[in-house]
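Asks: sequence and predicted structure are below.
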Amino acid sequence: MTASSSTDVPILKISDLSVALPYGLDRAYAVEGISLSVRPREIACVVGESGSGKSVTASVVMGLLPNALRLAGGSIKLEGEEIGGAPEARMNALRGNRMAMIFQEPLTALNPVMRLGDQIAEVLALHRKEMGKTAVRKRVLELMEDVRLPSPETIYGRYPHQISGGQRQRVMIAMALAMEPALIIADEPTTALDVTTQAQILQLFRELLVKHDSAILMITHDFGVVADVADHVTVMQHGRVVESGKPDQVLGNPQHAYTRELIAAVPRLRYLPDLEPAMPMLEVKDLHLTYRQAGWIRKSQAVHALAGVSFSLAPRQTLGIVGESGSGKSTLAKAVLGFETPSSGQILFCKQDLFSLSQTALAGTRHRIQMIFQDPYSSLNPRRRIGQSLVEGPMRHGKSSAEARRRAVELLELVGLHPSSMDRFPHEFSGGQRQRLCIARALALEPDVIVADEAVSALDVTVQAQVLELFKSLQSELGFAMLFITHDLRVASNICNRIAVMSRGKIVEMGEAREIFENPQNAYTRELLAALPGSELR
Amino acid sequence: MLRLIILRTASAVPVMLIVAVIVFLLLRLSPGDPATIMAGDAATPAEIQGLRVSMGLDQPLPLQFLAWIAGVVQGDLGQSILSRMPVSDLIADRLGPTLMLALCAIVVTVLVAVPLGALAAWRHNTWVDWVVMTLSVLGFSIPAFVVGYLLMLFFSISAGLLPVQGYVSPLVDPAAAMRHLILPSLTLALVLMALIARVTRSSLLEVLGQDFVRTAKAKGNPAFRMLWRHALPNAAVPIITVIGLGIALLISGVVVTESVFNIPGIGRLTIDAILARDYPVVQGLMLFFAFIYVGVNLLIDITYIIVDPRIRY
């Protein structure tokens, strides 16, 4: 969008803004001396990794800084009005009215015990008190229509847990749009969504921008999104702006070393060759899993989480399972790990059917299939030292304490951490380091198969690239097979030999990675690939 | 929802039955023979035996139980040994004062403790928080009979503002009834207030850190409205749980408080019956308390379903 004469006054102008961190941290300021402006009908993106200060920038504009942080200097002007340090009453009048915010995780960002319609209506009740009840209801339904929520009348009376993630984000957006604010701040608005939903939401932003003459300040870590929607890009590192400009300049000809590093770390579609056919380590045959939901008015409903899934996995092979949320990929992981019992079908591990084994035989086999989860923060026991977490499994399976400790130290070195990590607690590590610890923990049991469920999805791009490299080198060294579950097609293309595309509990297409990406046969696969943001970055 | 409530209610029946068995056995198996007591000091063994037969105490235990439970279901809890009155009438007579007292106590508790706890959470780590928490430790640590006598000493004896003891029915004189109820209710409520203020504070603190509270703020909600409309409903489940537990605590609390303030309620009846070894009355009261307890729990469970749409049993 080019700026016309009427759009010369920026909606948001931040100049020389600094936010102080509490005394005694590794740096004095969360953001230091940043300046940026957002004009009408413009989407300005702020890009950076965790800790870059991008979310703090969003919070400070909204006046939502955590108590420990403090505005230390600079100015924030909303439509020409200085709002840095404005009194709480004035901020309450502006928030939700002239500026609104959309948060990353729509499930936790909505009040779980309040009806969705009422949550949208509340914005009107706060800022347009003269509106009558019927008028409010009418406007809410209209807003739901605007963000293309299906059957608004029904959704009005629903609670957040009863609708899908994409729908929740639409409710958030409807809430933000209720007063047609001048500025919408969107903090990672599509990160928690599937690619196809993400594409729809970004499209929606574009349309709404033009319709309401507003502006969007979007915080993101995803260069694909930036390439697709940004009119202006600001790159932040350690609380400072390192580069800013038009997206073609910043992405096409980055000046700062950090920007170049970030762009280089964005996973491109890159393919690994398939392996020579070998004896499969793990075979899944016609797996079905049906959840029964007991209804108290209607008859019980059956949800077919897995509807006939078959594949095989050879040593040293990585099979990527891709698909949107609800496609059954995590259920598949749970079934392979033995956390869910399938309704029918077989899981053969080294030619043995896992479900025909006795409890004791199963206990002896199970540790040979290990898992790595998405969230490295919650998957390590916060009250145990790393060493304890690493030796517990091997000792349970008959290793002596000394042997287990020796192996744990080796593993830490293997995943690139210092042996002194043994005596530290999980909170002392960064997200990337914790994921390395989780990998070490999984490897401690010398597994033949590793199931990685969205193992790099929570990590920053540069860290993500490092962890993917680590997976590859460990696999060639140790020879385990891997089931790699992800919603991110770029990541999948980087690490998988073969890829299976799942939709509604079925594998709709499976083949060598390059084949799937370059010559997709199935309509759903093509749809997924088309929704991938940032075609420039392929 | 209706189905859930019916199911939940039905599940209370076996619980009550088990309670009935325990109550029955407890008294039959404890030392002391009711027939001996009833017959008096001068009775001959033959007279005692006669009484025993007439009370059905010579029958085998299962038969005694069946006879007893059949009566209970029809509302017949037996006859008091002491006063020769039906136990159900005794309880019904004494129910009014106790219910008034318990009701006042719980209302006072909720009205005082929830706002105090909310205030402490909202002003977390400031002097307001510290004052509320210190008061709550005090309220927790002082036994009810000490509080009762202290309150009486200050407000009734020294200041002469309130009556010392006794009970007036609100049907007779509402103003006097209230004046008589203030001190006992406070005494009874103090421990509960401390407990509920604490739970409200910690439950709210957890909720205040959640994303949707930030969303509420981003919509332009003023602090009070945010607390009231968004944070409290989400913090409600633990608070309701403790209020439920509190009602159970009240039941044991009334026994002490009614003695201190000389209120003719169920608590006094319980003490008198125990001291006089009036078995049928004790039995009836135990069953009655259990019934209240199970009923309160049932009510709490149903409230959960109403306040949190995510809860499904």
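Replies: Received it, and whenever you're ready, just let me know what you need.

Asks: show me what contacts the residue nearest the centre of chain B?
Replies: Nearest to the geometric centre of chain B sits B:Ile251, at 2.9 Å (Cα atoms, centre = their mean). The neighbours of B:Ile251, taking Cβ atoms under 8 Å, 6 or more residues apart in numbering or on different chains as the test, are B:102, B:289, B:292-293. Quick note: C-beta positions are derived from backbone N, CA and C, even for glycine.

Asks: got it, and A:Gln169?
Replies: Neighbouring residues of A:Gln169 by Cβ under 8 Å, 6+ apart: A:102, A:106, A:189-190, A:192-193, A:197, A:201.

Asks: which positions in the stretch 1-150 of chain B make contact with chain A?
Replies: Taking Cβ under 8 Å from any Cβ of the partner chain as the measure of proximity, the stretch 1-150 of chain B contacts chain A at B:3-4.

Asks: secondary structure element holding the residue in the stretch 1-150 of chain B that chain A sits nearest to?
Replies: Nearest residue of the stretch 1-150 of chain B to chain A: B:Arg3, at 4.6 Å (Cβ to the nearest Cβ). Using DSSP states H and E, B:Arg3 sits within helix B:2-10.

Asks: before we move on, the earlier item: and the residue of the stretch 1-150 of chain B closest to chain A, what pLDDT?
Replies: pLDDT for B:Arg3: 75.

Asks: for B:Ile182, see how far away B:Leu150 is.
Replies: Computed as Cβ to Cβ, to the nearest Å, the B:Leu150 to B:Ile182 distance reads 14 Å.

Asks: ok, those two, which is more surrounded?
Replies: Per other Cβ atoms under 10 Å in any protein chain shown, whichever of B:Leu150 and B:Ile182 has more neighbours is B:Ile182, with 16 against 12.

Asks: ok, that one - contacts?
Replies: For B:Ile182, the contacting residues are B:155, B:162, by Cβ under 8 Å, 6+ apart.

Asks: what parts of the stretch 151-300 of chain B come near chain A?
Replies: B:210-212, B:214-223, B:225, B:229-230, B:233-234.

Asks: apply 6 Å and report the result again.
Replies: Residues of the stretch 151-300 of chain B found near chain A (Cβ under 6 Å from any Cβ of the partner chain) are B:211-212, B:214-215, B:217-220, B:222, B:230, B:233-234.

Asks: let's have those residues in a markdown table, adding secondary structure and neighbour count.
Replies: Formatted as a markdown table, those follow (DSSP: H, G, I helix; E, B strand; the rest coil; neighbours: other Cβ atoms under 10 Å in any protein chain shown):
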| residue | secondary structure | neighbour count |
| --- | --- | --- |
| B:Asp211 | helix | 16 |
| B:Phe212 | helix | 22 |
| B:Arg214 | helix | 20 |
| B:Thr215 | helix | 26 |
| B:Lys217 | helix | 21 |
| B:Ala218 | helix | 24 |
| B:Lys219 | coil | 27 |
| B:Gly220 | coil | 23 |
| B:Pro222 | coil | 14 |
| B:His230 | helix | 25 |
| B:Pro233 | helix | 16 |
| B:Asn234 | helix | 21 |
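
Asks: among those residues, which one sits closest to B:Leu285?
Replies: The nearest member of those to B:Leu285, counting by Cβ to Cβ, is B:Pro233 at 37.2 Å.

Asks: give me the number of residues near the closest residue to that closest one other than its chain neighbours?
Replies: By the measure of Cβ to Cβ, 6 or more residues apart in numbering or on different chains, the closest residue to B:Pro233 outside its immediate chain neighbours is A:Val113, 5.1 Å from it. A:Val113 has 18 neighbours, counted by other Cβ under 10 Å.

Asks: if we can go back for a sec, mind checking which of the contacts of B:Ile251 are buried?
Replies: Buried members of these, counted by 16 or more other Cβ atoms under 10 Å in any protein chain shown: B:102, B:289, B:292-293.

Asks: which of the residues you listed sits closest to A:Thr259?
Replies: Among the buried ones among the contacts of B:Ile251, B:Tyr293 lies closest to A:Thr259 (Cβ to Cβ), at 66.8 Å.

Asks: measure that closest one to B:Ser252 for me?
Replies: When B:Tyr293 is compared with B:Ser252 (using Cβ to Cβ), they lie 11 Å apart.

Asks: same question for A:Gly166.
Replies: For A:Gly166, the distance to B:Ser252 - Cβ to Cβ - is 53 Å.

Asks: between those two, who's got more neighbours?
Replies: Just comparing A:Gly166 and B:Ser252: by other Cβ under 10 Å the higher neighbour count belongs to A:Gly166, 20 against 13.

Asks: no further queries at this time; thank you.
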